[in-house]
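1. quick one, structure for this:
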Amino acid sequence: MNTKAGHKVKFNILNYSKPDSLFNYGMKVAIYSDRESETKKVGWHKGGEDIAYYANGIRKDVTYYSKSFYSATFSYKFKHTGDSVYFAYA
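-> Okay, here's the model as predicted:
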């Protein structure tokens, strides 16, 4: 509810363990906006900008198939002021 129309925010989600992700092949983030749902009847949809998935340099203490952690990052520009917006991996 503390959003402002036109503001762009970058999200960083850390400590994934998979060395690859569908984000690297075009998958987008699932997004739900209360205002978009009310005004345009839009439910959950895919979106986000500048989406990337990469090794973040944080090393694991244990031995798995991957020796480091990974991060997913994306940006989102809010469309409405005072909106509640939800994000999901899939």
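
2. when you work out contacts or count neighbours from here on, use the C-alpha atoms and nothing else.
-> Fine.

3. hey, C-alpha coordinates of the helix or strand bottoming out on mean pLDDT in the chain in PDB?
-> Least confident helix or strand, the chain: strand 49-59 with a mean of 92, by mean pLDDT, DSSP states H and E. Extracted C-alpha coordinates of strand 49-59, given in PDB (Å, rounded to 0.1, in the frame of the first residue of the first chain):
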ATOM      1  CA  GLU A  49      12.100  -6.200 -16.000                       C
ATOM      2  CA  ASP A  50      15.900  -6.800 -16.000                       C
ATOM      3  CA  ILE A  51      15.400 -10.400 -14.800                       C
ATOM      4  CA  ALA A  52      18.600 -12.300 -14.000                       C
ATOM      5  CA  TYR A  53      19.800 -15.400 -12.200                       C
ATOM      6  CA  TYR A  54      23.500 -15.800 -11.300                       C
ATOM      7  CA  ALA A  55      26.100 -17.100  -8.900                       C
ATOM      8  CA  ASN A  56      26.400 -14.400  -6.200                       C
ATOM      9  CA  GLY A  57      29.800 -15.300  -4.800                       C
ATOM     10  CA  ILE A  58      28.600 -16.600  -1.400                       C
ATOM     11  CA  ARG A  59      30.200 -19.900  -0.800                       C
END
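
4. can you name the element that comes right after it?
-> Downstream of strand 49-59, the next assigned helix or strand under DSSP states H and E is strand 68-77.

5. contacts for whatever helix or strand comes next after that following strand?
-> Sequence-wise, the next helix or strand downstream of strand 68-77 (DSSP H and E) is strand 85-88. Identification of contacts with strand 85-88 by C-alpha atoms under 8 Å, 6 or more residues apart in numbering yields 1, 29-34.
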